[in-house]
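1. Give me the fold of what follows.
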Amino acid sequence: MFDISSEREKKIRDILEDVMTISEIGSEQFRITVIGNFIIPLADAVQQIKERARSRDLMPLFRIKHKQILIQFVPKLPPPKKTNYAVNIVLFILTIMTTMFAGALQQGVNPFLQLYVGIPFSVTIILILGAHELGHYFASKRCGIDATLPYFIPFPHLIGTFGAVIKVKEPITDKKALLEIGVAGPLIGMFFAIPAVVIGLKLSTVIPVGEGGLRLGDSFLFTLLSRLIVGAIPEGKDILLHPVAFAGWIGFFVTALNLLPVGQLDGGHVLYGLIGRNQKWFGWVVFCSLFIFGFLWQGWFLWAVLIVTLIKIQHPPPLDDISPIPLKHHVFGWLAMVILILTFTPSPFIFP
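-> Modelled structure (predicted):
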């Protein structure tokens, strides 16, 4: 440990009084590090230290080191800046236009003359993506963590959008909050995606293979719903998806992408909440597997590059990395992992 001034040491000892026995204490630049053991129940100790540190404009980070508690005190972050909601609104309107344009093209009409034909696809895809991100937003608010409303990303291609994102403006407090925020988006998104697939499949038609151009691969869940609603497909035939069903298919695909248990993806949040730092081993397995799936669909190679360069494989720890999560959070977390398996499509796009 590095030297620490008597004044700073007194401040830290006041925070930890009657809560923790200190075996080591020291400081480096703006960080004060303490190692010791709690003398009261963990939950009570963490709560008291947070409250006392907050009153002294400090923020504690809780870790485990060699079976002892390690706490690092850093200056409390300034309040996050207010969000300019004009950006959200403009992007949302643009995404409505680009998804309507894409929906009209999917129906084989001129979108400049019959843009309204793209409304069913546009409404459905925006509802699914928006519900997913609003799930993250409201979960963040519930955990006392500031976040922005969804930013939709318009883009003129097959589906008219690159999805939607929110920005969490404060550090995530603990594994419980991490899991809640991570799992809320996929669960609420699927709440809307499944009915979209069911309704859309009822409106879909069966056509000879080859007449529909680009074919879509099926996840286990999509295949199951297709068998239940459309029935067995004769040899040489395939389902021409109604725009609502196609939007639901995209919802399944996006859910699976987000639930991959790597880095800052939803799945990374969830798995870190469940198993902590062991998440990195699963992250590496998934990352390496993408290179195998890349021989089925080359887009997995691009996704692997994005993961290693932007998303990363190992999830960073929350501020409190020692408090356990409740049983119900384990249930929701593993349910999210089951949804990943059910919605994952090894070869999502099959070109003729």
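2. next SSE after the longest helix along the chain?
-> Ranked by residue count and defined by DSSP state H, the top helix of the chain is helix 175-203. Moving toward the C-terminus from helix 175-203, the next helix or strand (DSSP states H and E) is strand 205-208.
3. so who does the closest residue to P316 other than its chain neighbours touch?
-> For P316, ignoring the flanking residues on the chain, the nearest one in space by Cβ to Cβ, 6 or more residues apart in numbering is Q264 at 8.0 Å. The C-beta positions use only the backbone N, C-alpha and C, and glycine is treated the same way. Applying Cβ atoms under 8 Å, 6 or more residues apart in numbering, we find Q264 in contact with 311-312, 315-316.
4. Go through the longest helix of the chain and flag the buried ones.
-> 175-190, 192-194, 196-197, 199-201 (16 or more other Cβ atoms under 10 Å).
5. same deal with stretch 257-275?
-> Residues 257-274 are the ones in stretch 257-275 that count as buried (16+ other Cβ under 10 Å).
6. Show me where the stretch 201-350 of the chain has its strands.
-> In the stretch 201-350 of the chain, the strands defined using DSSP state E, counting those that start in this stretch lie at 205-208, 215-216, 237-240, 349-350.
7. what's the closest of those to V286?
-> strand 349-350 (20.0 Å; Cβ to Cβ).
8. pLDDT of that closest one, averaged?
-> Averaged across strand 349-350, the pLDDT comes to 82.
9. what distance separates stretch 86-106 from the centre of its chain?
-> 22 Å (Cα atoms, centre = their mean, to the nearest Å).
10. which residues does A147 contact?
-> 136-137, 140-141, 166-169.
11. Give me the phi and psi for the residue nearest to it when sequence neighbours are not counted.
-> Sequence neighbours aside, S140 is the residue nearest to A147 in space, at 3.8 Å (criterion: Cβ to Cβ, 6+ apart). When read as degrees, to the nearest 10, the backbone of S140 gives phi -60, psi -50.
12. Hmm, S140 is touching L149, no?
-> No - at 10.8 Å, S140 does not count as touching L149 under the criterion of Cβ atoms under 8 Å.
13. mind listing what the nearest residue in space to P111 that is not next to it in sequence touches?
-> Nearest non-adjacent residue to P111, counting by Cβ to Cβ, 6+ apart: A104, 3.7 Å away. For A104, the contacting residues are 110-111, 114-118, by Cβ under 8 Å, 6+ apart.
14. quick one: which of those residues is nearest to A43?
-> Looking across the contacts of A104 and measuring by Cβ to Cβ, the closest to A43 is G118, at 51.9 Å.
15. Report how many residues lie close to the closest residue to that closest one other than its chain neighbours.
-> Spatial nearest neighbour of G118, excluding adjacent residues (Cβ to Cβ, 6+ apart): G103 at 2.8 Å. Using other Cβ atoms under 10 Å, G103 has 28 neighbouring residues.
16. tell me which element G103 is part of?
-> With DSSP H and E as the test, G103 turns up in helix 85-106.
17. For that helix, which residues meet the burial criterion?
-> Here helix 85-106 shows 88, 91-92, 94-106 as buried, counting by 16+ other Cβ under 10 Å.
18. Roughly how far does the residue nearest to G118 sit from V109?
-> 10 Å (Cβ to Cβ, to the nearest Å).
19. Now do the shared contacts for these two.
-> Common neighbours of G103 and V109, using Cβ under 8 Å, 6+ apart, are V117.
20. Give me the below-cutoff pLDDT ranges for this protein.
-> Low-confidence segments of the chain (pLDDT under 70): 1-5, 210-213, 351-352.
21. how is it carved up into domains?
-> Following automatic domain parsing, one gets these domains for the chain: 6-75, 85-350.
22. one step back: which strands and helices sit next to the longest helix of the chain?
-> helix 119-142, helix 220-229, helix 243-259, helix 266-275, helix 327-343 (3 or more Cβ pairs under 8 Å, 6 or more residues apart in numbering; DSSP states H and E).
23. again, only using 6 Å
-> For helix 175-203, the packing partners by 3 or more Cβ pairs under 6 Å, 6 or more residues apart in numbering; DSSP states H and E come out as helix 119-142, helix 243-259, helix 266-275, helix 327-343.
24. And the longest one, what's buried?
-> Of the residues in helix 119-142, those with enough neighbours to count as buried (16+ other Cβ under 10 Å) are 120-140.
25. May I have the phi/psi pair for M59?
-> Dihedral angles (degrees, to the nearest 10) for M59: phi -130, psi 120.
26. got a list of what it touches?
-> If you count contacts by Cβ atoms under 6 Å, 6 or more residues apart in numbering, M59 has them with 74, 76.
27. What of the one 10 residues further on?
-> Contact criterion Cβ under 6 Å, 6+ apart gives no residues in contact with I69.
28. which residues does it bridge with?
-> Beta bridges link I69 to G36, I64, judged by DSSP bridges.
29. just to revisit the earlier point, which of the strands of the stretch 201-350 of the chain sits closest to N37?
-> Once the strands of the stretch 201-350 of the chain are compared by Cβ to Cβ, strand 349-350 is nearest, at 54.7 Å.
30. Partner strands of that closest one, with direction?
-> strand 215-216 (antiparallel).
31. any idea how far the partner strand is from the chain center?
-> 26 Å.
32. going forward can the numbers begin at 7, since that is how I track them
-> Understood, numbering begins at 7; the last thing we discussed is strand 221-222.
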